[in-house]
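Participant: okay, sequence plus prediction incoming.
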Amino acid sequence: MSVKKRDPLTGHQTTGHEWNGITELNTRVPRVIWWFILVTHLYALIAWVLLPAWPGITGYTKGILGIDQQERVERQVADLRAARAPWRDRIAAATVENIRADPDLSAKVAETGPALFGDNCAACHGAQGQGGPGYPSLVDDAWLWGGDAEAVLETLRVGINADHPDTRFAQMLSFDGILSRDEIRTVAAYVQSLSGMETGADPDRLAEGQVLFMDNCASCHGDAATGNTDLGAPNLTDDHWIYGGDDAAIFTTILRGREGWMPAWEGRLDLADRKILAAYIQDLKGQAQ
Amino acid sequence: MIAKFTVAERQWSLVLLVLTALAGLAMAALGAGDAMGVHGFIVLIVSLGLIFVVGGGLFAPEPTEDRRRAYYDDPIKLGLVLAMVWAVIGMGVGDWVAWMLAYPEARFDAAWSSFGRVRPVHTTGVIFGFGGNALIATSMHVMQRTSRARMAGQVSPWFVIIGYNLFVVMAVSGYLMGVTQSKEYAEAEWYADIWLVIVWVTYFVLYIRTLARRNEPHIYVANWYYLAFILVVAVLHIINNLAMPASLTAAKSYSLFSGVQDAMTQWWYGHNAVAFFLTAGFLGMLYYYLPKRANRPIYSYRLSILSFWGITFFYIWVGSHHLHYTALPHWVQTLGMTFSVMLLVPSWASAGNALMTLNGAWHKVRDDATLRFMFVAAVFYGLSTFEGSFLAIRPVNSLSHYTDWTVAHVHAGAMGWVALITFGAIYAAVPMIWRRETMYSWKLVEWHFWLALAGTMIYVFAMWNSGIVQGLMWRTYNEAGTLQYSFVDTLVAMHPYYIARAIGGLLFLTGAVVGSYNIWMTIREVGHEAKARDVPTDSEAGEPAVPVAE
């Protein structure tokens, strides 16, 4: 049934084939298609001449522009590095205090700090440094290892309980087996009373808690429980709690112990970046207060 | 279904089912404690259920008529229904994942519900579940009608559809149990892959044998595309999944390829899955249902030839454009980029051929939502193939790659082109296959059309915005020469777009649910009296007659 018909609408002939009522017109390929084919193929030809393109037996055509993606990215990285070098070298050489005092350098800290903090610190410490359960706030006055810029810079360098040889090491012992559960509750009540919390415990129990505290806790947290930044022991008299200050949280902390962890950034961020972060954290603190 | 089998065919089916039941039992026993064991139980239960179905009809009287005189549409019915079931599952999971990206709490903290496991359920559910079933079912319709011949097999079409769905179930349930090969769109593990090879080769043989017994002198274009889809997907699937099982009793294997060769093989597969699964197959669909519904001749046979060979030749080269600026050698990237650009013309020629075919039928496009589905699909096809070639150009890719722009591009293709052409084809096919005059409700088809179009537009525009914002934020330097934004900043910027995307997806999903209801009511024949047949029949099985040669 190869009968060619003419489509009344377009005036084109069909090919003469029919499949379950479907026919096809024998329309010529529109000229614009050939033009588009020409243009796209020219684009390809030009790209093959200019760029690395076709493989041979032992290598490939390099292209007359001589572009190599590896070389190119290395040059771009080197260029950026060179462009940043003048101010970054100055930051690396200065103390954090001097950086903050220098208007030019502190402008660089303000520009560079947020993204650096956002990409490296915010995952644990929060986007604004506000901390979260298990992760200390960086915008309050409570500092485990000292809050001045040089102390923060050192913490950044070596981390806490990290794999750095000079890392800061701190561990809250587990008192499971050392103190009975009742004694833990007693000392917890005493600890809560230090920061002015209403514990409901009678004075005798608090006195008993104080004795237990002096025997077991004071060696790190101090007789006045104000902590010790040389040991990374937190102040227990303020209202900042990393792991929570309610009965259950303190009980768990004493019973099971705690060992926080912060990575050492030496080897991951260079000195200039760490100084920018140390300065930026001081700024964050200032903004929060 | 069993009444139409001869006794020999019933016995042969039983043997086959006993074999698969035994294979399932072996998998369940050997793979106990592993995901493979669970899959063994699934295979066993499905096989046993089917043994009851076949066994129940074993002694029914044999069909007496000459079955070659009628078309065979029963397996197509199952394929179309399963396509809609998978559409709702796949799109439902997709929208859940979209909400999860905007509100991570929607993850519900279980292992099985983690993003990495649920996302492939979405992709496999829509691509292989929805798209695959629709392709297989419509191909069985088209191959018979355009060949004027009955399908070359009574049992094998059922084997293909049920076996294929068993693969999809094994894939999807495996992901939830943590099984993956870590190859995108090819996550299923080795035994599921081997099973798919068996099913797929059967499908190929069925298609070739049906074409071989055709009563038309020429092979229609739709069949070229369906055949390219079946053949190339087989090649892609087999090569990309070459792997050494770590153990014959567990769902774990190691790819034969490593490093950048693995990446290149994967994206040669991945892009040609887009080309031959999501493009060639659906072009086959378009080439049959669009001219049929519009009742217009194809605009140009010559354009069909040009675009078919252009698409099949150029697509195979372009997978490397997924690996721009990576360890892949620069010259491979140049080839991927240039072939992607050359691919644009044959792709547009297909879209143009479809749109020009509608000349003289634009009033139908206006009035008939089914045809409008196909029209808009052709427009989105043109749009996303242009975008694809554009994104493959290296400097453009340096902005778009790894951003939501890619997601926008994929969904412009997947929702705008693949899903819309499928819905159009299904609405055209369902009344023919179930011998109904029309769909149950044309108003619901309208509703589906506008929900789907609105959903696609919202989704794609949201992801275009999100992707370009994201790409620009990633590369913004401040005056100091350092990066302006942290990664978290980009997430904050993307959040509103993610909500918009999830709403777009919800509209699209709602459309699919409306469509499923409409199809179900059509099948139940609610509100219909007249039965329409695309060709008259005197077949005792109610199958439509194959027209005799003139």
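Facilitator: Done, it's in.
Participant: correct me, but B:M521 touches B:S441?
Facilitator: Yes - between B:M521 and B:S441 there is a contact under Cβ atoms under 8 Å: 7.2 Å. Backbone N, C-alpha and C define where each C-beta goes, glycine included.
Participant: got the phi/psi numbers for the closest residue to chain A within the stretch 451-550 of chain B?
Facilitator: Proximity of the stretch 451-550 of chain B to chain A (Cβ to the nearest Cβ) peaks at B:S486, 2.4 Å away. Dihedral angles of B:S486 (phi, psi; degrees, to the nearest 10) stand at phi -90, psi 170.
Participant: next up, the contacts around it.
Facilitator: The contact partners of B:S486, taken as Cβ atoms under 8 Å, 6 or more residues apart in numbering or on different chains, are A:114-119, A:122.
Participant: switch the cut-off to 6 Å
Facilitator: By Cβ atoms under 6 Å, 6 or more residues apart in numbering or on different chains, the contact set of B:S486 is A:115, A:118-119.
Participant: check these against chain B, which are close?
Facilitator: A:115, A:118-119 (Cβ under 6 Å from any Cβ of the partner chain).
Participant: now these: which count as buried?
Facilitator: Neighbour counting by 16 or more other Cβ atoms under 10 Å in any protein chain shown classes A:115, A:118 among the ones next to chain B among the contacts of B:S486 as buried.
Participant: looking at the ones next to chain B among the contacts of B:S486, which is nearest B:A480?
Facilitator: A:A115 (10.3 Å; Cβ to Cβ).
Participant: isn't that closest one right next to B:G481, touching?
Facilitator: No - A:A115 is not in contact with B:G481 according to Cβ atoms under 6 Å; the separation is 12.0 Å.
Participant: domain-wise, how is chain B divided?
Facilitator: B:1-58, B:74-243+B:256-523 (automatic domain parsing).
Participant: need the helices for the stretch 101-250 of chain B, in chain order.
Facilitator: Using DSSP state H, counting those that start in this stretch, the helices found in the stretch 101-250 of chain B span residues B:115-124, B:133-147, B:156-176, B:190-212, B:221-240.
Participant: among the ones you listed, show me which one is buried the most.
Facilitator: helix B:133-147 (a mean of 26; mean count of other Cβ atoms under 10 Å in any protein chain shown).
Participant: just checking, what packs against that one?
Facilitator: Packing partners of helix B:133-147 (3 or more Cβ pairs under 6 Å, 6 or more residues apart in numbering or on different chains; DSSP states H and E): helix B:74-102, helix B:190-212, helix B:281-294, helix B:420-433.
Participant: kindly reformat these as a markdown table containing distance to chain A.
Facilitator: Shown next, in a markdown table, are the helices and strands packed on helix B:133-147 (distance: least, Cβ to the nearest Cβ, whole Å):
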| stretch | distance to chain A |
| --- | --- |
| helix B:74-102 | 15 |
| helix B:190-212 | 12 |
| helix B:281-294 | 5 |
| helix B:420-433 | 10 |
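Participant: what residues sit buried inside the top helix by length along chain A?
Facilitator: Longest helix of chain A, by residue count under DSSP state H: helix A:69-93. By 16+ other Cβ under 10 Å, the buried positions in helix A:69-93 come out as A:69, A:84, A:87-88, A:90-92.
Participant: these: which ones sit near chain B?
Facilitator: Answer for the buried residues of helix A:69-93 near chain B (Cβ under 6 Å from any Cβ): A:69, A:84.
Participant: so what touches stretch B:127-135?
Facilitator: Outside of stretch B:127-135, the residues within contact range by Cβ under 6 Å, 6+ apart are B:79, B:82-83, B:86-87, B:90, B:168, B:281, B:418, B:422.
Participant: circling back to that earlier point, how about the helices of the stretch 101-250 of chain B in a markdown table, adding mean pLDDT?
Facilitator: Below are the helices of the stretch 101-250 of chain B laid out as a markdown table (pLDDT from 0 to 100):
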| stretch | mean pLDDT |
| --- | --- |
| helix B:115-124 | 97 |
| helix B:133-147 | 97 |
| helix B:156-176 | 97 |
| helix B:190-212 | 97 |
| helix B:221-240 | 97 |
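Participant: tally of neighbours for A:G267?
Facilitator: The tally of other residues near A:G267 (other Cβ atoms under 10 Å in any protein chain shown) stands at 9.
Participant: quick one: B:R296 from B:K364, how far?
Facilitator: B:R296 sits 9 Å away from B:K364, taking Cβ to Cβ, to the nearest Å as the criterion.
Participant: my error: substitute B:T385 in the last question.
Facilitator: Taking Cβ to Cβ, one finds B:T385 at 25 Å from B:K364.
Participant: compare the two (neighbour count), which wins?
Facilitator: A count of neighbours by other Cβ under 10 Å puts B:T385 above the other of B:T385 and B:K364, at 24 against 17.
Participant: which strands and helices sit next to the helix or strand hosting the more buried one?
Facilitator: Using DSSP states H and E, B:T385 sits within helix B:369-391. Judged by 3+ Cβ pairs under 6 Å, 6+ apart, helix B:369-391 is in contact with helix B:281-294, helix B:330-357, helix B:362-367, helix B:394-400, helix B:420-433, helix B:442-474.
Participant: do you know which of these lies nearest A:P133?
Facilitator: Per Cβ to Cβ, nearest to A:P133 of the helices and strands packed on helix B:369-391: helix B:442-474, 29.4 Å.
Participant: other SSEs contacting that closest one?
Facilitator: helix B:369-391, helix B:404-411, helix B:487-523.
Participant: list the buried residues of the last one.
Facilitator: Think helix B:487-523. Buried residues in helix B:487-523 (16+ other Cβ under 10 Å): B:488-490, B:493-494, B:497-516, B:518-519, B:521-523.
Participant: next one: stretch B:346-360
Facilitator: By neighbour count with 16+ other Cβ under 10 Å, stretch B:346-360 contains the buried residues B:346-358, B:360.
Participant: from those residues, pick the one nearest B:A377.
Facilitator: B:A354 (8.4 Å).
Participant: hmm, the closest one is touching B:A378, no?
Facilitator: Yes - using Cβ under 6 Å, B:A354 is in contact with B:A378, at 4.0 Å.
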